[in-house]
Every structure is written in structure tokens, then in C-alpha cells.
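Q: pasted the sequence and its predicted model underneath.
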Amino acid sequence: MSPPTTNNRPPSSPSFEPPMKKTKSHSHSSHSHSLHTINALNHTSTDVHIDSVIDDDIINNNNNNNSNNAHGVVSPSSDGFTANLSRKKASLPNPSSKKLVIKLLKAKPTLPPTFEEDTWARLKSAINAIFLKQRDSCDLEKLYQAVNDLCLHKMAGSLYQRIEKECEAHISAVLRSLVGQSPDLVVFLSLVEKCWQDLCDQMLMIRGIALYLDRTYVKQTPNVKSLWDMGLQLFRKHLSLCPEVQHKIVTGLLRMIERERLGEAVDRTLLNHLLKMFTALGIYQESFEKPFLVCTEEFYAAEGVKYMQQSDVPDYLKHVETRLHEEQERCLLYLDPSTRKPLITTAEKQLLERHISAILDKGFMLLMDGSRIEDLRRMYNLFGRVNDLESLRQGLSSYIRKAGQALVMDEEKDKDMVSCLLEFKVVLDKIWEESFSKNESFSNTIKDSFEYLINLRQCYVGGGDEFCTWLKAGSGGGPETRMLFVLVVVEGGRWWWSNAAGGGGRMNRPAELIAKFLDEKLRAGNKGTSEEELEGTLDKVLVLFRFIQGKDVFEAFYKKDLAKRLLLGKSASIDAEKSMISKLKTECGSQFTNKLEGMFKDIELSKEINESFRLSSQARTKLPSGIEMSVHVLTTGYWPTYPPMDVRLPHELNVYQDIFKEFYLSKYSGRRLMWQNSLGHCVLKADFPKGKKELAVSLFQAVVLMLFNDAEALSFQDIKDATAIEDKELRRTLQSLACGKVRVLLKEPKGREVEDGDSFVFNEGFSAPLYRIKVNAIQMKETVEENTSTTERVFQDRQYQVDAAIVRIMKTRKVLSHTLLITELFQQLKFPIKPADLKKRIESLIDREYLERDKNNPQIYNYLA
């Protein structure tokens, strides 16, 4: 029933008449008019009655002088109401003379008995029209007002239930109609999408009509859903009651996604709408996501195995990267955002985690050998996604050790070992920087692996004094001596050692080769190398130097080669030499480079001594003419130890040596000079039939060549008797003069080796394009004896260091157990050594009465002051 309305007819044409005395009828008219107006405007449950009362005294006063105080009086007439408006000046009425009284009505207005049913009939007709997509005769404004009226009269609960019932009936019918529909899954999904879209539109229209119900009754009543949520709940309920429909929807969705993964084009909009439907219904995870992840796992499990068998690793990694990108895009286009993490995790597990070992075994070495920066970066990123960089790091460590071991352990490649290691390190650093994102753990892996390689050919040599003395003597025919996996074989005056595994080598061979590599780079004759390039090479070699555990081996060989470069004038750059010494000092401290710096001081001091000698009276009065001589005075502690070699010098050189010795001892009393003939070098002027030449030769070569000033031909024995040079050194010297590239002498019979019966003659047919010819390259070459001597000195120095460390520790502790003493020795010693070797040194010190065993416990040592 509609609320009452106001029925105000327009008044008849007004006429102007004098004011009337019957004001009560005016008052009655005003009362009637006010009542109708309130009934029309007020829809609340309380009606009011307004009664206007005017005092009779005021009316009487108005009879006497109505023109002075009446502003406008309305009186009834037969034709309606007549208004009389006075143009005279109006005076304000007295407020105290007028009273306003408000009274409640005695009877409450009631609604028609069929108000609810009539109103619902109109609403039901509209709802059915919406569901059937038909037009309704009632406009939306009236429908909205109808819902409003029912809510205002406390009929909202009944209205909500009736709307719910109508919606449920329609939704149930629609979903049942889908049963048995098209077998084509795509067509079926399109039907479902249309039903869903229709329902959404219809529920929105119904909610628009019943908006007042949604905003009042639903909000004020607990456990009552909004009309939209109610529609979703009904759809979800009846969808679950139609398992065939729900199963067919899920199956169709999974088939479409699988076809898309196989490369077919699918309707992504359809997928998006249906999956949003599942999300809105709250059944996405249970009904779709779980079976979807299961299908994804099965799909990628089969595909991973197939592609690993058919593809190489680079192509497989690209495929995995593409698949993961596709799944990411799939999540953006139609899957719910909550699916992204489990979906990507499932794909990564099946395509990556299950095949980590196979990927590394099958292709990692191939990628590293080819420096495949992009593919290695892809592998690093993919392994990082599954938190398995540790496997990649271990694979890198294994690769470096395996590839590096081929370089370090192959004795035939010793000559190129350092350069190959440097190139290998550069490649690894580039891969680490560009492919492995400068990962610190990978950097440490590279360092650890290189440290392993540099110290791979490491031999642990120990023993007592007898062993060292026997090794130094080098007596031939001695028995085989086995000590700690190291077999020392002495045979025919030569010795070498090999480990029990069969690999030959000296103590820390890479350390020795690094020193020789530096010697090659710092030696004069490296044409085309700028100072910047040389400095860069030194920095790279220094990286390898840091990995050396027994740096005393490097120091010994570096010092030996540096001595030759300085004494023979073969250094390419003194600045570069000092720069390298500075780098070593920064790395190892001043104690490591103290002797090397002392060598440079001796060279500088020798220049001053030679200059003083030339200006001395002895040099001006006693020196033979035609000879110039320069002497290097070396401090014994700074330079390598050289074995003395006797030689019978020409008379002129003997005179020169005596005069210099007289000058030096007169200037520095209390010192002793010992000539090292093996390090001397000369420049001889030779007159060949084809032209004059200057020959840069060693002192031994000069002594041999000067014999041919007085003889045309000499036998080996003649030369040996005349020069008194040691047999082996003489053969080496004659071989360099008669069998090398520069053949100043000719040997009969011809051959590479010098035999006892050979004879030598001056080569009168010698010719060369250069005026000065270097023949003394033999001095720069390392002999077996030199290498043996250097290695032996390292052994001896290590034993001295071990003894000193033991005494130093025991002097501080006084009493110490064997285990603690060994532990502290490992902490202090900077080179690798076996515990058995330390025990032998302890026994040696006990024999020499530095230590003693405790009488009660033999595992405890006491220091003897």
C-alpha cells in the first residue's frame, strides 16, 4: 500500500474584501490544512495534531481597529477562500498573546492488510524478468521505493528470504541445464562463462533494486550475507551439487592450459573469466589449484626427462628459462596470484632440481672449457632459483682442480705451466665476474682450488742430519732410501726423487716454475713488452705467488735467478726488479725480502768501489794495458751459495785480480775476498778471416778461446790440462763453443756430445751478421747441479727453521706435551711438513740435549736450559 499523498486543489480566484469578524472559521480552515500536510510528509509511526488557538480578546480588539494590526486575514466564502491584503503599515503582534499546542492523535494509522504481498508481487515480477532477461512494466525507481517501504515497515527479513529463494531457484535451474551439454570442452566452458556472466549481471541488478535492504538489514543483522555474497554462495552450493559440471569445468581448464604449453593457441580471456569465477566462489585452491599443480608436476617431469636425453645442456637451460617465463606470464594473464609461488616451485623442481647432477655432469665442463659466459650466467641464475648454488660451486671446484691438475702434473708442460695457469686464472676471473655475479663464495672456491693446484706437486722431506749429509754428498751407488712416500735415488752422481704414486717432481715444482717465469719476464731480451705490460704481468704472477704454501722454495729460486740477472747484466729493467721486490715485501714482510734488497745494495756499492778503483794509484800505475775489468763485491749472507770452481786464468787477469785485492783490502781491512769464477763474463775481440767480431762469453769460455791464440788445434785433454776446469763444466763449455748456434770452434768428430778423444780447432770460416755476438747464454741456463744445490739449501733451511721453532716454543713453555708441541709447530711453520718429520727433529734435539723426555711420562718434553 502506498503511503498517503496530499490532495491540495488550487484555490478559486481571489477577491479583495474588507476583513471579516468571523476569525474562528479561519482558524478551522488552517487546522484542516495543516493535518493533511503532515500526513503527506510524515511516514513515521507517530502522528501529531496541531491546534491553533487565538485569543478572543485579540479578535475583539481587531473588531475595533482591524486596519491597524491585521497583516492579512483569510475568510471562507461560497467560492473558496478570499484573501484581503491590506496596504497599510502593519504592526508586529504581541508574542505573549499567542499560544501553540501540539497534541498526539488518539488513533494510529495502519497499513492495508495486503501491503506486503502486493509489494512483493511487484518485486518478484521484476526479479523474474531480470533472470529471464525480459522487460518489466514497473520502473526501477518504484521498485527501489517498494523495497524501501518494506524495510521501513520491518519486513526486511521476509523480503531477504524471498529474494534468496527466487535466486536459488533460478541458479539451480541454470546449473542443471549444463548437465549433458556439448562434449566439446571449449564450447562447454563458453556456456559456463556465459552463465556466470549472466548471473553476475543479474545479481548486480537485483542488488541495485534492493540496495536499501543491503545497506540496512544486512549490515545490522549478524550472519546475514550481502545479496552479492548470497548469490555466490548459492552458485557454489548448487555447483557442488552438480559434480559432473564442476569436474567438466576443471578438466576443460586443465586441457586448455596443457594445449597452450604444447604450443597451441587458446582463448586466454575465457580462462581468465572462469578462473576468476573459481576465485570469487572461494573454490579456486581446492577445486582447481591442487589438480592443476599435480598436472603441472606430471607434465614437466616427463618433459624434463625427455629434453635432458635429447638436448645438450645449453639448449636445455634455455628451454627451462623459457618455460619458467611462460609460467610467470600465465600467472599474470589468468591464474590467481596465489598460484605463482607453488606453480614456479613445481616447475623448478621438475625441470631443475631433479636434474642438477645430470646438468653438471653432462655440460658444466663443456661450458667452462668454451668460456660460455651467457650460458654459465643462465645456469647460475637457474641454480640460484632452486637454492642449489652449492652444487654449482662444488662443480666449479672440481672442474678447476681437474683442469688445473692436467697443467700442473704434466712434466712435459712445465715450460708453459705458469703462463697456462695465468691464462686459466684470467678466464675464471672473467666467468666469476660476468657469469657468477661476483659471488664471494665462488671467489673463495677459485682461490682454494688454485692453492690446491699450486701446491699439488709438493713433497715432504724430513730426516735427520745423516740423511741431509748423505744427500749433500751425492755419493754414487748408494742404497735406495725411502722416507714418507718420498723415494730418493742416488745413481751415478745424479739424484732425483719421485713419489710413491709414480709422479716425479721436486719440492713444490710450481713454486720453482713461478720463480723461473719471473726470471724469464725480467730478463733482458723481451722485445715488444712495454713497462705497463710487464707491470701487469708481475701483478698476475703475484696472485699465483699468494697461493704458494712453501714460499721458501720460491724465494730460493727467485734469489738464484735474480743474482744471475744482476751479475751478468741481464736484467731488463732495474725499476721493474725493484717493483717486484716491493710487491713481495708487501705480501710477505721485510724479512722475506731483506736478502733480496741486500743484493741491490751490493750492486750499487760495487759501482762506487769500481769507480774508486779506477781513480786509485794502483790502477793508474800497475794495471796491464788493453784490459778493462769490473768487479762485483758480494756480501756472503745476501747471495746464493756458489761452489768454488778452480780455473787457470791468463796472466793478465791474475795480475788484475791481485791489484784489485790489494786496493780493496787496503780500504776495507779485516775482510776476505773469494773469487767466484763461474759468474765471471768477458768480451773478447776476435779477428776472423771474414771480419772482426766481439764475443760476449763466460770467463770459462774466454779462458778456452785464449788458448787458441797459441795453437791451431787442441784435444780435449790438452784443454783440460791447460785450464784446470772441472771435467763436467769443461765439457759444457766446449759444447757451447763447438756444438751450439754460434760455433767459434770446430769439433772432430762432429756430434752433440763432447767425448774424451775429441779435438777442437779454431773456426776460420766463422761469419755472422752482427758485430757483437753473445755466446755466454750458457751461463743463464740452470744446470742440474744448481737446481740440486738450491733444493738442498731449502731442505737445510727448513730443518733449521723447525729446530728453531721447537726450541723457541719449549723455552717459553718449559714443559709441554708432544701433541701440544706439534700443534703449535703447525701454527708457526709456514711450509707444509709431516708430523713424522717434526718428530724426527724433536729426537734430534733430544740427542743434542736441547730437550729431554719426562721420566714419568714419555709423551711430555722438558726444556733443558
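A: Noted; the coordinates are in hand.
Q: please, which helix or strand holds Asn862?
A: Using DSSP states H and E, the secondary-structure element containing Asn862 is strand 860-863.
Q: near Gly363, how many other residues are there?
A: By the criterion of other Cβ atoms under 10 Å, Gly363 has 20 neighbours. From N, CA and C alone the C-beta is placed, and that goes for glycine too.
Q: contact partners for the spatially closest residue to it that is not a sequence neighbour?
A: Of all residues beyond its chain neighbours, the one nearest Gly363 is Val313 (2.4 Å), with distances taken as Cβ to Cβ, 6 or more residues apart in numbering. With contact taken as Cβ atoms under 8 Å, 6 or more residues apart in numbering, Val313 is in contact with 359, 362-364, 366-367, 375, 379.
Q: and the helices in the stretch 651-800 of the chain?
A: 651-667, 699-707, 716-723, 727-738, 784-813 (DSSP state H, counting those that start in this stretch).
Q: er, the stretch 501-650 of the chain I mean
A: Counting by DSSP H, counting those that start in this stretch, the stretch 501-650 of the chain forms helices over residues 509-522, 531-546, 551-567, 574-588, 590-615, 617-622, given from the N-terminal end onward.
Q: need those helices in TSV (columns: mean pLDDT, mean neighbour count and distance to Tyr217).
A: Listed next are these as TSV, based on pLDDT from 0 to 100; neighbours: other Cβ atoms under 10 Å; distance: least, Cβ to Cβ, whole Å:
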stretch	mean pLDDT	mean neighbour count	distance to Tyr217
helix 509-522	88	23	89
helix 531-546	88	16	81
helix 551-567	87	22	90
helix 574-588	90	16	85
helix 590-615	89	14	92
helix 617-622	79	12	127
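Q: between those, which gets nearest to Leu150?
A: Evaluated over the helices of the stretch 501-650 of the chain, closeness to Leu150 peaks at helix 531-546, with 89.0 Å, by Cβ to Cβ.
Q: what packs against that closest one?
A: Helix 531-546 is packed against helix 417-434, helix 509-522, helix 574-588, with contacts defined by 3 or more Cβ pairs under 8 Å, 6 or more residues apart in numbering; DSSP states H and E.
Q: for the first one, buried residues please.
A: By neighbour count, and taking 16 or more other Cβ atoms under 10 Å as the criterion, the buried residues in helix 417-434 are 417-422, 424-425, 428, 431-432.
Q: so how far is the helix or strand following it off the chain centroid?
A: The element immediately downstream of helix 417-434 (helix or strand, assigned by DSSP H and E) is helix 440-454. A distance of 15 Å separates the C-alpha centroid of helix 440-454 from that of its chain, computed with Cα atoms, centre = their mean, to the nearest Å.
Q: my guess is Val250 contacts Pro291. True?
A: Yes. The pair Val250 and Pro291 qualifies as a contact (Cβ atoms under 8 Å) at a distance of 6.1 Å.
Q: between the two, which one's more packed in?
A: Each of Val250 and Pro291 has its neighbours counted (other Cβ under 10 Å); Val250 has more, 18 against 15.
Q: how about Ile842: what's its closest non-neighbour residue?
A: Leaving out its chain neighbours, the residue that sits closest to Ile842 by Cβ to Cβ, 6+ apart is Ile806, at 6.2 Å.
Q: how about Leu623?
A: The shortest distance from Leu623 to any non-neighbouring residue, by Cβ to Cβ, 6+ apart, is to Ile659 (6.1 Å).
Q: the one you found and Leu665, how far apart?
A: Relative to Leu665, Ile659 is positioned 11 Å away (criterion: Cβ to Cβ, to the nearest Å).
Q: OK, contacts around the closest residue to Val761 other than its chain neighbours?
A: Taking Cβ to Cβ, 6+ apart as the measure, Val761 lies nearest to Ala713, with 4.3 Å between them; neighbours along the chain are not counted. By Cβ under 8 Å, 6+ apart, the contact list for Ala713 reads 759-762.
Q: how near is Ala713 to Arg731?
A: Remark: distance between Ala713 and Arg731 (Cβ to Cβ) = 18 Å.
Q: check what pLDDT Asp55 gets.
A: Among the per-residue scores, Asp55 shows a pLDDT of 39.
Q: hang on, the earlier thing: please say which of Ile659 and Leu665 ends up with more neighbours.
A: The residue with the greater number of neighbours, taking Ile659 and Leu665 and applying other Cβ under 10 Å, is Ile659; the counts read 19 against 13.
Q: how close does the most centrally placed residue in the chain get to Ile400?
A: Centroid check for the chain by Cα atoms, centre = their mean gives Asn439 as the closest residue, at 3.1 Å. As judged by Cβ to Cβ, Asn439 and Ile400 stand 15 Å apart.
Q: and Leu332, by the same measure?
A: Leu332 sits 41 Å away from Ile400, taking Cβ to Cβ as the criterion.
Q: again, but for Lys570
A: 35 Å.
Q: re earlier: pick the most buried one from the helices of the stretch 651-800 of the chain.
A: Burial among the helices of the stretch 651-800 of the chain, expressed as mean neighbours by mean count of other Cβ atoms under 10 Å, is greatest for helix 699-707, which shows a mean of 23.
Q: show residues contacting that helix.
A: Taking Cβ under 8 Å, 6+ apart as the criterion, the residues outside helix 699-707 that touch it are 647-650, 677-682, 684, 686, 695, 697, 714, 719, 722-723, 725, 729-730, 733-734, 736-737, 744-745, 775-776, 778.
Q: next one: stretch 217-234
A: Under the criterion Cβ under 8 Å, 6+ apart, residues 151, 156-157, 159-160, 163-164, 167-168, 171-172, 199, 203-204, 206-207, 210, 213-214, 280-282 lie in contact with stretch 217-234.
Q: how far does that stretch sit from its chain's centre?
A: In this view, stretch 217-234 has its centroid 53 Å away from the chain centroid, taken as Cα atoms, centre = their mean.
Q: buried ones in it, by neighbour count?
A: Residues of stretch 217-234 classed as buried under the neighbour-count rule (16+ other Cβ under 10 Å) are 217-218, 227, 230-234.
Q: now it: mean pLDDT?
A: If you average the pLDDT over stretch 217-234, you get 92.
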